[in-house]
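>>> Pasting the sequence and the predicted coordinates here, then a few questions.
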Amino acid sequence: MLTDRKRLGLLVLLGGGVTLLLWYLAPWAVPHRIFGGEGVLLNPFGHHLPQGRLPQGYQDTWLYPVFYLSLAWLLLSLLLPWTRAGVRGLYWAGALGLGLFLLTYLLFQGSVAQVNAGAERPLLRRFSLGLGSYATLAYGLYLLLLARVFSPGGLAFLVRRRGVVVPLFSLLLASFLGGVIVALLKETPARAQDLRDAFLLKLDLITYTYQLLYSPLVNPSGFLQSLLLATPLVFTGLAVALGFRGGLFNIGAPGQLILGAIAAMLVGVYLPGPRWLVLPLALLAAALAGGLWGAIPGWLKARFGAHEVINTIMFNYIAASLFLFLISANEYKFFGKTLYLPFKYPGYEARSYEIRPEARIPHWTDLVAPGGELSFALPLALLLGVLGYFLVRKSLGHRVLAATLLGVLGYGVGGLLPGPEVAFGPDLTSVRLNGAFLLALLALLFFHFYVFRHVGGYELRALGLAPKAAEYGGVAVGRKVVLVMFLSGALAGLAAAHYVLGGGIDEYRLKQSLPYSVGFDGIAVALMGQNTPLGVGLAAWLFGILLTGGLQVNLQLGISRELVAVLQALIVLFIAAGGFLPRYFTDPLRAAEVELKAEKEVKE
Amino acid sequence: MSLDAAFLTALLLSTLRQTAPLLLTALGGMFSERSGVVNIALEGILLFGALTAAVVVERLEAALGPGPHPWLPWVGVLAAMGVGGLVAFVHALVSIKYRADQIISATAINLLALGAPSLVLTYFYGNATSSKEVANRLPLWGPEGFQLSPLVYVAFLLVPLTWWVLFKTPFGLRLRAVGEHPEAADTLGVNVHRMRYTGVVLSGVLTGLAGAYLSIGFLNQFVRGMSAGMGFIALAALIFGKWHPVGILFSTLLFGFASALAIQLQGSEILPAVLVQAFPYVVTVLVLAGFIGKSRPPAAVGKPYEK
């Protein structure tokens, strides 16, 4: 058995070695890149220059001092574990690494600022740092992590945060494997001169792919697009997460979404009336229909003990059949008799009639700036709502009520206030983000309050953790199962509101292209978010970013955007396996053992 | 449309063709579930098998040049079986060794099967939806007018074979034992984990075979999402057939007949095909609820085993 110090030393050596290798083999910065991925790759050991020289106006003089500084830092960090400074020194070294990365970034920006001035060259897509510089950042973070883990009680620190550690580690593993897949499937845009050049190009290709995947973060229209794609994922993610919390695996979100979509279409197209009535009714119909479609398997489980996983899968296919039946034709023959349906819009495509304007969920521009004037309605509603919740010091019910009332008041008052005129470019207005996004945020709040602050949610969690104990404690298990499945289905049904009522894809209709498979993506979202509302929200956004970036990957590199689906699947697989981490990261009992040991350690 | 002999023959042939992949997949699933591992990854493994068979055959054709190569589809079949076994092994590894929730790990494989084929197809063919057509499909065997793919015969021959393996051999006894009561089996010296690995990998091999049938037996190329829920119907047939080869034979025949009927009814005036397609799913729901005979799964199915 190695002593702690030796192990720390070896781990630092390992990390340092990998970093050094990447510094040698990967580009440090890519100041210029053309469509298709070919770029000017800077590396202190020798650049890869497509034209044989640096393009006009670019400089590489900044790179060498940064490199020698980084090298000194790396050598220092390798020695640290063996000195008296030990773990505390590693904290400093880690912080120094972050500083070095910042310096690298600033110097790089300075070197390209002049050339970029005036030209619209988006960061990450057309110029960026490279894997070599990212390695500096990663090594810095790695040192910080090691320093924490090797301080007293360090392991317990990690184990306590296993809800974050396991998904993030799985994401890292999946990304690594994704990188290998990209390297295997895609040839580099330029031909390599020698072995090191080949590595330079391959590693740059992988880095570029991931930069494209995450590029919506630094691009306004991509940012909005990522929120748009995250909206349905929040709903389906919450649907699956609610089931998980109650010990049920609702794999039927796609079917529930379909039923929600059908109901929303029925109300939205055929029910005349004023906006304040029809829109809420259409939303309610979507939730109810989805909920009922979920409640039936719930009832079958409660009453007959039929497993909900198989049943919800079957209900997905039944819903898909029903959906096609309603929308793909208007005339059906039953034993020679003809049945007429009114739902399909004339024409080749299978789609419904248009949703009436009153039942549509407003586009984001109409919410943020109705009539071209920035509105204070939403910000004020949010502000007053939060104030109401935190200022009223009474029972939870009172606080939520106060927050709601004040929020509505804020919305009314804010709507009356005059605002400055704003105009959005066509790249922003063309993004079909709509009010369903706000509904998704409300759904997150609902999940939080119901699951963690309400008796019903307490019972639900008890049912999930220990069904027998819950029953003994007075939970009506059968009824609860039906209720959980109903709520879960209702959340999935609401996702349809985004597509049908919000025109989330391209039209305010129910169409055959309804992407109901986001119901399956909800499983990945729920697992990545560890069934917490904050986690689900962030995970949905992460996948929204990746899906948006996937379009760029497809466009610029010709790699199928299904790469994102593969990443998602790998994440699910790895989280299911506990990230291949030791068992105390997945087993609460073993986690408690680690905790106890850590307490002793800290006392000594 | 009259119920003449030609129609009935066509319906019978179509039923057999539709039943074969279901039967292969369901028999495979039986090995996995009898050993105590739920395998809802059948759908995904089908796709991987179909993709492998089509791509391997097409690539070899491109390498070997034109001309009939009667042995070539069989290479594709073997490759599909291998890849099916491999994918199933991943499911086994994650759910047996790492004690993952078997349903989640299988779901991951199904999700993977939705995305991964597109990457492979884009790499080889530059489009994300289908492979090039292969020239060397599986042959057709049988008398004139009643020709079927060899894999159809294989599927039906596998029924007595699996019955014999499962109920008349020591291997079958052990497999059933670890699915019903792993502790007892372990006490008697049966290696529970090894039996489960074997069961799951066998299910992958048979499902891969079914996948090969879809892409180079039934069609002559891989098309994205071509399994169209067949893996789940097979799962339903497995439940309806009460985890027994003979039961599975009849349930897959019923579901195969339903799909054949749906195909034959396209454009007819009896029942809308979209509704007939939902028939297997509705039947499964009813079976699970106990409206049509009670179906009981192996007792230890879905539970990780630890010493």
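Yep, it's here.
>>> Please list the residues of the stretch 101-250 of chain A that sit near chain B.
When proximity is defined by CB under 8 Å from any CB of the partner chain, the stretch 101-250 of chain A lies next to chain B at A:181, A:185-186, A:249. Every C-beta, even on glycine, is put in place using the N, C-alpha and C of the backbone.
>>> sorry, that was for the stretch 301-450 of chain A
A:303-304, A:306-307, A:309-311, A:313-315, A:317-318, A:321-322, A:324-325, A:328-329, A:332-336.
>>> out of those residues, which are buried?
A:306-307, A:309-311, A:313-315, A:317-318, A:321-322, A:324-325, A:328, A:332 (16 or more other CB atoms under 10 Å in any protein chain shown).
>>> Please identify which residue in chain B comes closest to chain A.
B:G115 (2.9 Å; CB to the nearest CB).
>>> Tell me the secondary structure of that residue, please.
helix (DSSP: H, G, I helix; E, B strand; the rest coil).
>>> coming back round to it: just the ones of the residues of the stretch 301-450 of chain A next to chain B in helices?
A:303-304, A:309-311, A:313-315, A:317-318, A:321-322, A:324-325, A:328 (DSSP state H).
>>> From the centroid of chain A, which residue is nearest?
A:L542 (2.3 Å; CA atoms, centre = their mean).
>>> Tell me, how many residues neighbour A:F376?
Using other CB atoms under 10 Å in any protein chain shown, A:F376 has 18 neighbouring residues.
>>> Contacts only, for it.
A:414-415, A:417, A:419 (CB atoms under 8 Å, 6 or more residues apart in numbering or on different chains).
>>> Leaving out sequence neighbours, find the closest residue to it.
Closest residue in space to A:F376, ignoring its immediate chain neighbours: A:G414 at 3.8 Å, by CB to CB, 6 or more residues apart in numbering or on different chains.
>>> returning to what we had before: out of the residues of the stretch 101-250 of chain A next to chain B, which two sit at the greatest distance?
For these, the farthest-apart pair by CB to CB is A:K186 and A:F249; their separation is 35.8 Å.
>>> Show me which of those two is the more surrounded one.
Neighbour count, other CB under 10 Å: between A:K186 and A:F249, A:K186 has more, with 21 against 18.
>>> Roughly how far does the more buried one sit from A:V180?
11 Å (CB to CB, to the nearest Å).
>>> shaky segments in chain B?
Along chain B, segments meeting pLDDT under 70 span B:1-3, B:267, B:292-295.
>>> Hmm, I typed the wrong one, I wanted chain A.
Short version for chain A, where the test is pLDDT under 70: A:1-2.
>>> Relative to chain B, which residue of it is the closest?
For chain A, CB to the nearest CB, closest residue to chain B: A:A565, 2.9 Å.
>>> Confirm for me that that residue is in contact with B:P117.
No: proximity of A:A565 to B:P117 does not meet the contact threshold set by CB atoms under 8 Å, at 10.2 Å.
>>> Who has more neighbours out of the two?
Between A:A565 and B:P117, counting by other CB under 10 Å, B:P117 is the more crowded of the two (29 against 26).
>>> So the closest residue to that one other than its chain neighbours versus B:G84, what's the distance?
Spatial nearest neighbour of B:P117, chain neighbours left out: B:L51 (4.9 Å); criterion: CB to CB, 6+ apart. For B:L51, the distance to B:G84 (CB to CB) stands at 11 Å.
>>> what touches both of these two?
B:G211.
>>> Of the two, give the one with the bigger neighbour count.
Legend: neighbour count by other CB under 10 Å for B:L51 and B:G84, higher for B:G84 (33 against 26).
>>> can you pull out the helices in the stretch 201-350 of chain A?
Remark: helices assigned in the stretch 201-350 of chain A by DSSP state H, counting those that start in this stretch are A:220-245, A:253-270, A:275-304, A:308-328.
>>> So the residue nearest to the centre of chain A, which state does it fall into?
Once three-state DSSP is applied, A:L542 turns out helix.
>>> wait, doesn't it sit right on A:D521?
No: the criterion here is CB under 8 Å, and A:L542 misses it with A:D521 at 11.6 Å.
>>> Could you give the number of residues near B:L261?
Neighbours around B:L261, by other CB under 10 Å: 20.
>>> tell me the contacts of the spatially closest residue to it that is not a sequence neighbour?
Nearest residue to B:L261 in three dimensions, chain neighbours excluded: B:V276, at 5.8 Å (CB to CB, 6+ apart). Taking CB under 8 Å, 6+ apart, we find B:V276 in contact with B:258, B:261-262, B:265.
>>> check contacts around the residue nearest to the centre of chain A.
Neighbours of A:L542 in contact, by CB under 8 Å, 6+ apart: A:M528.
>>> for the helices of the stretch 201-350 of chain A, which one ends up most surrounded?
helix A:253-270 (a mean of 29; mean count of other CB atoms under 10 Å in any protein chain shown).
>>> For that helix, what is the distance to the chain centroid?
Computed by CA atoms, centre = their mean, to the nearest Å, the chain-centroid distance of helix A:253-270 equals 25 Å.
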